[in-house]
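>>> here is a sequence together with a model predicted from it:
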Amino acid sequence: MQTVYFDIETADADELYTYGPSFCRLAGYAVDDGPVVLTTDMDELCAVLRDADRVVAHNAIAFDLAALEHWHGLDVGCLVDEGRVRDTLILARHNDPPLSGHTDDRRYNLDAIGKRLFSRGKDLSATGESTLKGLAREFGGYDRIPVDDSSYRKYLVRDVELLRAVAAYLSCDTYALREHCVVWRLTHISKHGFRVDVVEARRRLASQQKRVAVLQQRMVQVYGLPIGGKAPQRTKVGVIALERAFTDCGIEPPRTPKGALATGKDVLAALLQGHPCNESLVELVETLRALNGERSVTQTTLDHTGSDGRVHPSVDARQTTGRISVTKPGLTVMGKRDRANVLERSLLLPDEGEVLVAFDLSQVDARAIAAHCQDAAYVSAFEPGKDYHTEMAVELFGDPSRRSDAKPVTHATTYGMGARGLAASAGIGQAEAQALLNTLDSRFPGLARFKKQVRAEAERKHILWNAFGRPMRVEKGKEYTKAPAAIGQGTARDLMMEGILRLPGWLLPCLRAIVHDEIVLSVPTDRAEEAETAVLKALQFSFAVTGADVAVLVLADKSERGRDWADCYRSEKVTWPEVARDHREQLSCLDEHCTWHIERNETRSAA
DNA sequence: GGGCACGGCCAC
DNA sequence: AAACGTGGCCGTGCCC
């Protein structure tokens, strides 16, 4: 049994997939208790790793091994599938799960872990990450530090030694091993990257700049806001001017809970509703809304686009529930619900000669809860052929046609919403909301019992385990809302990961994005049907919690085949014709609310 | 100039 | 006693 501990110094980590073959600069490795060996020969390192029974590194799968696979041809999939890899970042999160709220990455760097596991001496901690940063500053970049620099080498040696010490404290169970396979599969998203419509992105940036300039000018002239900066309406002076503008309209300036001027869109909408005839207020609010509504997704996407014309987003399982974060750029926050920003996704394209297809799991959080709680009525709402929200409408109102009224209530079930919150989200009175919550509890007693039970368990242990064995930390005092939410999201997450694990290997390089209950693939046009069948087969299965009587079906839908990511949703969003790329290729259109043919429509309405 | 909190936008 | 969960990213302002 031979274990190899290793670490690699590289160029800027953000350029993992774009830098070039000299990305890996200096490697350090140690076999079992042996001394740390340094080398610039990555082939030598790969040979050592191939022969090892066990390979250990921090963030091995998403970073070090990924770099060796990408630039030096190491077969990482084989190492992972054979269970030979131990990624101490995955294990550290598994052994000591993060709290929600602050995904504090620094909690999981080697220094921090070392400090928690065996309080390490100050002499070592002082040399942590700052050494490397300092060297990068001194030499003008991570890729320009001389590989024979003694402090660079000393730093690497120390890191491998620290890694070895840390690894001894971290245990690994079957869930953690499965997680290694999950993370490796997800690295394909970063590795292959998502093609960006760079020309269109630049065009949109330019037109956004024009739009903002007009709005800002109005703010300056009418309300006396300061000139300059990216968001003068948010500066101190700007806020004072806005407060005066509200007062001039005869309106008390709205406030946030902390006393600041509130300019969020819900607040502004409520204000308008209260004073529909106040024309000067309407103009002020509309201008403010328009300015606040300007997002920088296009800029962020371009900022992260590499010389290959693609973004290579980071994919991490760092959230407390295990849900996947996709960042740099944040694909999980791109528009979809609102007509004003649904086209954000249209900047992302399939590979040449391919189409994009999105697949999403149907009500997977609720199905996860059903699998856990085993409430007969709740579980039966997910039987094949039934529509969950319609079933809920029948149970809550005795009226299947009130499907849309039932939707917000189901949200309340998983997230522990109270009467006030439900009333606000559903647009009903608090008494009515409370009555609905009571009905929910009486119609689904098993669900109510389950929620009570997980709250109690969280209060006792502060950690909950989902149906797959993922530990999730629950904040003290917040068990009432967070415990059921953690189970719903956490198990839903692993149902999606089960699907990822069931995907046939040829589809892994096709993965482009994951947004919680949705995955996006770029597939060759002539294999689209084959791919769709295979993905749906992987994502859909019957699932039972250990010891449970009744299994719950996990079901998935597929989107249209898209020429860009937004185009995938054209049949889901038929009332927004611009979602379809075909429509955007037309020179003009007849829909006066179209967000694409804006200039033409403006000309038309003026005429 | 980095770190952090806030308040704004957004997703599932 | 009541109870809306998990996040990313931007711009500003303030702190060290």
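Structure received. Residues are numbered from 1 along each chain as shown, chains lettered A, B, ... in the order given.
>>> now check stretch A:339-347, is it near DNA strand C?
No: Stretch A:339-347 lies out of reach of DNA strand C by C-beta under 7 Å from any atom of the strand, never closer than 10.7 Å. For every residue, glycine as well, the C-beta is placed using N, CA and C.
>>> can you give me the end-to-end span of that stretch?
Length of stretch A:339-347, first residue to last, C-alpha to C-alpha, to the nearest Å: 15 Å.
>>> what about that stretch, distance to the chain center?
Relative to the chain's own centre, stretch A:339-347 is displaced by 17 Å; criterion: C-alpha atoms, centre = their mean, to the nearest Å.
>>> again with stretch A:345-363
Distance of stretch A:345-363 from its chain centroid, counting by C-alpha atoms, centre = their mean, is 16 Å.
>>> how about it: buried residues?
Buried residues in stretch A:345-363, defined by neighbour count with 16 or more other C-beta atoms under 10 Å: A:345-351, A:354-363.
>>> likewise stretch A:193-202?
Residues of stretch A:193-202 classed as buried under the neighbour-count rule (16+ other C-beta under 10 Å) are A:Gly193, A:Phe194, A:Arg195, A:Val196, A:Asp197, A:Glu200, A:Ala201.
>>> how about stretch A:405-422?
Quick answer for stretch A:405-422 (16+ other C-beta under 10 Å): A:405-406, A:408-410, A:412-414, A:416-417, A:419, A:421-422.
>>> tell me which entries of those residues lie within helices.
Applying DSSP state H to these, the entries found in helices are A:Asp405, A:Ala406, A:Pro408, A:Val409, A:Thr410, A:Ala412, A:Thr413, A:Thr414, A:Ala419, A:Gly421, A:Leu422.
>>> ok, of the buried residues of stretch A:405-422, which one's closest to DNA strand B?
Taking C-beta to the nearest atom of the strand as the measure, DNA strand B lies nearest A:Thr414 of the buried residues of stretch A:405-422, at 10.4 Å.
>>> residues touching whichever strand or helix holds A:Ala165, excluding its own?
Using DSSP states H and E, the element containing A:Ala165 is helix A:150-167. The contact list for helix A:150-167, computed with C-beta atoms under 8 Å, 6 or more residues apart in numbering, reads A:5-7, A:9, A:26, A:28-30, A:36, A:38, A:56-58, A:86, A:88, A:91-92, A:110-111, A:113-114, A:117-118, A:120, A:124, A:127, A:131-132, A:135, A:145-147.
>>> with adjacent residues omitted, what lies nearest to A:Asp96?
Distances taken as C-beta to C-beta, 6 or more residues apart in numbering put A:Arg116 closest to A:Asp96, at 7.1 Å, once the chain neighbours are dropped.
>>> what's the answer for A:Thr300, then?
Leaving aside its chain neighbours, A:Thr300 sits nearest to A:Pro329 (4.7 Å; criterion: C-beta to C-beta, 6+ apart).
>>> surely that neighbour meets A:Thr298?
No: if you go by C-beta atoms under 8 Å, A:Pro329 and A:Thr298 don't touch, sitting 9.7 Å apart.
>>> quick one: which of the two has more around it?
Between A:Pro329 and A:Thr298, A:Pro329 has the larger neighbour count (other C-beta atoms under 10 Å), namely 24 against 21.
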